[in-house]
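Asker: Need coordinates for the following:
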Amino acid sequence: MSPICARRQDEKTILSHFSSPHENLLAGIDARTARAGVIGLGYVGLPLAMTIARSGFPVTGFDIDPSKMVAIEAGRSYIEAVSDTVLREHARSGRFQATADFSRLAECDVIIICVPTPLTKHRDPDLSFIVKTCAHIAETLRPGQLVVLESTTYPGTTDEVVKPILEKAGLVSGQDFFLGFSPEREDPGNRDFETSSIPKVVAGDGPAAAELMVRFYSAAVKTVVPVSSNATAEAVKLTENIFRAVNIALVNELKVVYDAMGVDIWEVIDAAKTKPFGYMPFYPGPGLGGHCIPIDPFYLTWKSREFELPTRFIELAGEINSAMPRHVVGKLAEALDRHSGKALSRSRVLVIGLAYKKNVPDTRESPSLKLIELIEERGGTTAYHDPHIAQIPPTREYMMLKGRSSVSLDEETIKGFDAVLIATDHDAVDYAALARWAPLIIDTRNAFARRQLHSDSIFKA
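Answerer: A predicted model of the protein is given here:
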């Protein structure tokens with residue numbers, strides 16, 4: 001008998017001493033024999049699956065993307081937060097396996113949903129991925145399973161959308177199966193934190209589900225923070241990202257105002273953050289990117305309409321942050337005119353950094369893509385350099401950019417452009433070479449001043 005089969009047999013022996021689905025699942029969690037199923041093996045799901053496997057649970061990962069299945073089968077991680085070594089280790093030990101066969105959800109005792117929750121073009125929540133996933137789960141739902149939503153969404157989604165779909169199978173939440181919410185808190189590129197070390201907010205539909213949520217996540221992460229309801233846990237995630245979106249919008253607006261006054265916003269922030277209380281530094285940029293901050297606040301805006309309540313701060317922050325790419329391109333055109341007397345429409349511009357944040361290969365909602373589009377709309381020619389992204393991947397909004405390749409940063413290439421626009425300040429970029437050879441640099445990230453590189457050709461935007 002294989003080790004996995006033996007563990008399942010031991011589990012059955014243990015569970016035979018208990019009577020209720022709740023007690024059975026608690027016993028499986030405590031014995032680390034409960035199988036976890038993670039649906040969606042992306043930036044959230046794959047690191048979570050590895051964390052759960054490392055804590056001793058058997059894990060099955062589910063995804064519909066064939067390329068991910070091929071990569072996992074080859075022992076090759078496509079997520080920076082998960083090394084090839086860790087992926088292979090858990091696969092070899094039998095603690096982790098991946099599949100596109102959703103009928104195998106029946107094998108799982110804990111099912112965790114980590115699917116995208118984008119916005120429609122009208123900025124309404126798109127819950128289609130959650131709805132389809134829940135329909136798959138409902139097909140094999142059985143007593144004694146815990147279903148957890150981790151996808152960011154508006155307060156009420158777990159109880160008002162997920163629960164009814166699952167209960168169509170004839171089982172009752174809190175009695176036959178159990179339902180909870182725990183917001184993901186991944187920060188791609190941040191090496192100071194990993195999934196297991198980030199405190200985990202958890203909630204459940206009723207006391208039995210809440211207890212299971214605490215018990216399961218306590219086995220995988222260092223700190224668990226229980227809250228009173230699924231809606232509260234959903235609101236926690238939105239609050240975190242709304243806080244960031246509003247404060248980034250504030251410093252973006254201050255940047256525009258102070259620039260008109262001849263004041264350097266970066267110097268202001270550096271001085272202000274020396275105050276040991278009452279201030280938290282946020283930094284301006286060319287716009288917002290990523291799958292959280294540009295999107296999540298509008299989930300609350302949408303939901304608040306149900307209560308006829310405005311969300312003025314959120315909407316104003318969205319307007320300010322969305323306007324930043326156009327502001328940057330305006331500063332670029334102005335600098336070209338003043339520095340070389342050349343119009344943007346006749347200029348070649350090299351965009352440094354395609355990713356939405358430094359040191360990651362992630363282009364989701366990246367302002368760099370919008371910058372390229374705006375420059376080319378005004379007749380300029382663009383290319384990009386990104387040490388983490390060899391080619392522009394397909395996106396819904398920027399299909400015309402698909403397949404373009406990153407250019408090298410040698411002297412001939414740099415001198416061949418009229419201007420260099422720093423959109424993302426990756427550490428692996430040769431800023432000294434840019435300062436030496438670029439005829440004009442527009443720095444939206446204060447990258448050169450932080451590296452003590454100075455040149456008359458560098459302008460902040």
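
Asker: Could you pull out the strands in the stretch 101-250 of the chain for me?
Answerer: In the stretch 101-250 of the chain, the strands defined using DSSP state E, counting those that start in this stretch lie at 110-113, 146-149, 178-181, 200-204, 224-226.

Asker: what's the offset of stretch 118-129 from the middle of its chain?
Answerer: Relative to its parent chain, stretch 118-129 has a centroid offset of 16 Å by CA atoms, centre = their mean, to the nearest Å.

Asker: For it, give the mean pLDDT please.
Answerer: Mean per-residue pLDDT for stretch 118-129: 90.

Asker: Then stretch 415-427?
Answerer: 97.

Asker: Output it as PDB, restricted to C-alpha atoms.
Answerer: Output in PDB follows, covering the C-alpha atoms of stretch 415-427 (Å, rounded to 0.1, in the frame of the first residue of the first chain):
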ATOM      1  CA  LYS A 415      21.400  56.600 -27.800                       C
ATOM      2  CA  GLY A 416      18.900  55.600 -30.500                       C
ATOM      3  CA  PHE A 417      15.900  57.000 -28.500                       C
ATOM      4  CA  ASP A 418      15.000  60.600 -28.000                       C
ATOM      5  CA  ALA A 419      13.800  59.900 -24.400                       C
ATOM      6  CA  VAL A 420      13.800  57.200 -21.800                       C
ATOM      7  CA  LEU A 421      10.700  57.000 -19.500                       C
ATOM      8  CA  ILE A 422      11.200  55.200 -16.200                       C
ATOM      9  CA  ALA A 423       7.800  53.600 -15.500                       C
ATOM     10  CA  THR A 424       8.900  50.700 -13.200                       C
ATOM     11  CA  ASP A 425      12.100  50.900 -11.100                       C
ATOM     12  CA  HIS A 426      13.300  47.300 -11.300                       C
ATOM     13  CA  ASP A 427      16.600  46.800  -9.400                       C
END
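
Asker: Would you mark the buried spots in it?
Answerer: Using 16 or more other CB atoms under 10 Å as the test for burial, stretch 415-427 gives Phe417, Asp418, Ala419, Val420, Leu421, Ile422, Ala423, Thr424, Asp425, His426. For glycine as for every other residue, the C-beta is placed from the backbone atoms N, C-alpha and C.

Asker: Need the contact partners of stretch 57-69.
Answerer: With CB atoms under 8 Å, 6 or more residues apart in numbering as the test, stretch 57-69 has contacts from 4, 7, 32-42, 45-46, 49, 52-53, 72, 78, 90, 94-100, 102, 104-105, 107-108, 110, 219-220.

Asker: That should have said stretch 372-391, apologies.
Answerer: By CB under 8 Å, 6+ apart, stretch 372-391 touches 325-326, 329, 332-333, 343-355, 359-361, 363, 368, 392, 398, 401, 403-409, 417, 424, 426, 428-429.

Asker: again, only this time at 7 Å
Answerer: The contact list for stretch 372-391, computed with CB atoms under 7 Å, 6 or more residues apart in numbering, reads 325-326, 329, 344-345, 347-355, 360-361, 363, 398, 401, 403-407, 409, 426, 428-429.
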